[in-house]
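Chemist: Quick check, what structure comes out for this input:
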Amino acid sequence: MTLRSLRNGLVVALFIGGAALTALAADLGDLSTAAFPKGEAVATFAGGCFWCVESDFDKVPGVVRTISGYTGGLFKNPTYKQVSAGGTGHREAVQIFYDSKKVSYEKLLDIFWRSVDPTDAGGQFCDRGRSYETAIFANSPAQKRLAEASKQKLKKSGVLKMPIVTPIETAGAFYPAEDYHQDYYKKNPLRYKYYRYGCGRDARIREVWGKHTKE
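Modeler: All right, here's what the predicted structure looks like:
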């Protein structure tokens, strides 16, 4: 059994009331256009398995909350089953709501780069296919400029030995994933840790970034 099939198996095992949960996700709609409390902003990143992206960014001081979901495709209100099967064009992504007085977008970009393998065009770690590809989704022209500048800076640094393939796109509709995906690493810590270790995420990040992992 592959780690990807294991992950899908965990999802199926924990799936209860799928139709109702999908309806709930649809009702939440596109959070990228929601009104946020004063000083709060949102960053949207695709970094492979959204369980892992949530876990990484929830630890960052200044991050208020995270929401796993799907974005970048053409289908409205996609389900996990549809996205993971391929053909919808969506990537697994996370909306990161943060206090802009405590952490900057530039800092979140730095953390994002070093939490993924931005040289992998086919997915991330053991998860392959479009839905697991990396991307930065800019929620404003300012974010797009900062993201492009960050990418260029990284290219010029020579830290990575292979070309950066992570695209920077304008954010579109974001569809929250089913409830059982939210905070998965908290709800199912043992399964999550087994999946993350078996998928080789942290080992590959150390291999790609070396001594620059924690910058």
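
Chemist: Following the chain onward from the helix or strand of the chain with the lowest mean pLDDT, which element is next?
Modeler: None of the helices or strands of the chain scores lower by mean pLDDT, DSSP states H and E than helix 18-28, at a mean of 38. Next helix or strand after helix 18-28 toward the C-terminus (DSSP states H and E): strand 40-47.

Chemist: for that next one, which positions count as buried?
Modeler: Within strand 40-47, the residues that count as buried by 16 or more other CB atoms under 10 Å are 41-47. C-betas here are computed from N, CA, C, even on glycine.

Chemist: and if you look at stretch 161-171?
Modeler: Neighbour count says stretch 161-171 has 166, 168-169, 171 buried, by 16+ other CB under 10 Å.

Chemist: Next, give phi and psi for the closest residue to Gly72 other than its chain neighbours.
Modeler: Counting by CB to CB, 6 or more residues apart in numbering, Gly72 lies nearest to Arg91, which is 4.8 Å off, once chain neighbours are set aside. Here is the backbone geometry of Arg91 (degrees, to the nearest 10): phi -110, psi 150.

Chemist: Neighbours of Arg91, how many?
Modeler: Number of residues near Arg91 (other CB atoms under 10 Å) recorded here: 26.

Chemist: How many neighbouring residues does Phe112 have?
Modeler: Using other CB under 10 Å, Phe112 has 24 neighbouring residues.

Chemist: What helix or strand is it located in?
Modeler: helix 105-113.

Chemist: ok, and what's touching that helix?
Modeler: Helix 105-113 has contacts (CB atoms under 8 Å, 6 or more residues apart in numbering) with 41, 43, 45, 47, 56-57, 60, 96, 98, 136, 143, 146-147, 150, 154, 166, 215.

Chemist: Quick one: mean pLDDT for that helix?
Modeler: Mean pLDDT, computed over helix 105-113, is 98.

Chemist: Spell out which strands sit alongside the helix or strand following that helix in the sheet and which way each one runs.
Modeler: Using DSSP H and E, the next helix or strand after helix 105-113 towards the C-terminus is strand 123-124. The pairing partners recorded for strand 123-124 under DSSP bridges are strand 127-128 (antiparallel).
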